[in-house]
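Colleague: Make a model of this:
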Amino acid sequence: AVTMCAFHPDASHPSALTASEDKTAVWWNLLTGERIRQFAGHSGRVVSATFNSTATLVLTASDDGTITLWNPATSEVVREITACGALSSARFSADGIGIVAAAAGRAPTVYLTEIGTQLLDLKGGECNSAEFSLDSRSGLIVMATDD
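Modeller: Residues are numbered from 1 along each chain as shown. Alright, predicted model coming up:
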């Protein structure tokens, strides 16, 4: 089953990524329905899949506790980040410098995209999903919680 979908950031490329319980993400051509690329390598279900704003990286996050950055042209792994727990979501910042990740039972964590290191462990309780604001200069992060 598909766990989420994200559109290509450039509308002239009608395509989308899907994250799936089968431990993969797939980049689809929306005009033909054909697979463009498959991103496989997680040992758990993929809960997030998204492009950075320039579509030069694909991010996948899994409940196996890893965030993987991929080259979308080749499906090769660029970087793997070990997060602190089973992930429920991960997203790029608008400028692509950061990644915010939500893990079960924890507040969100921010990682630096370029080197994969943890930058910030946020406060605010457990969350299911986290997203940067569209204006990355503001530094705002929105969290979704059960309460």
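Colleague: if I've got this straight, A11 is in a strand?
Modeller: No: assessed by DSSP: H, G, I helix; E, B strand; the rest coil, A11 does not belong to a strand; its assignment is coil.
Colleague: Pull up the gap between it and A55, please.
Modeller: 11 Å (C-beta to C-beta, to the nearest Å). In this view, the C-beta of every residue, glycine as well, is placed from N, C-alpha and C.
Colleague: now I81
Modeller: I81 is 20 Å from A55, by C-beta to C-beta.
Colleague: Have a look at those two and say which one is more surrounded.
Modeller: A count of neighbours by other C-beta atoms under 10 Å puts I81 above the other of I81 and A55, at 22 against 15.
Colleague: Contacts only, for the more buried one.
Modeller: Counting by C-beta atoms under 8 Å, 6 or more residues apart in numbering, I81 makes contact with 66-69, 99, 111, 116.
Colleague: neighbour-wise, which of those leads?
Modeller: Using other C-beta under 10 Å as the neighbour criterion, I99 leads these with 28 neighbours.
Colleague: could you pull out the strands for the protein?
Modeller: For the chain, the strands defined by DSSP state E occupy 2-7, 15-20, 24-29, 35-40, 46-51, 58-62, 66-71, 76-82, 87-92, 98-103, 109-112, 118-121, 129-132, 141-144.
Colleague: looking at those strands, which is buried most?
Modeller: Across those, the average number of neighbours (mean count of other C-beta atoms under 10 Å) peaks for strand 58-62, which reaches a mean of 27.
Colleague: by contact count, what packs against it?
Modeller: When contacts are defined as 3 or more C-beta pairs under 8 Å, 6 or more residues apart in numbering; DSSP states H and E, strand 58-62 packs onto strand 15-20, strand 24-29, strand 46-51, strand 66-71, strand 87-92.
Colleague: The last one: partners in the sheet, and parallel or antiparallel?
Modeller: Which is strand 87-92. Partners of strand 87-92 in the sheet, by DSSP bridges, are strand 98-103 (antiparallel).
Colleague: average pLDDT for the partner strand?
Modeller: Averaged over strand 98-103, pLDDT sits at 82.
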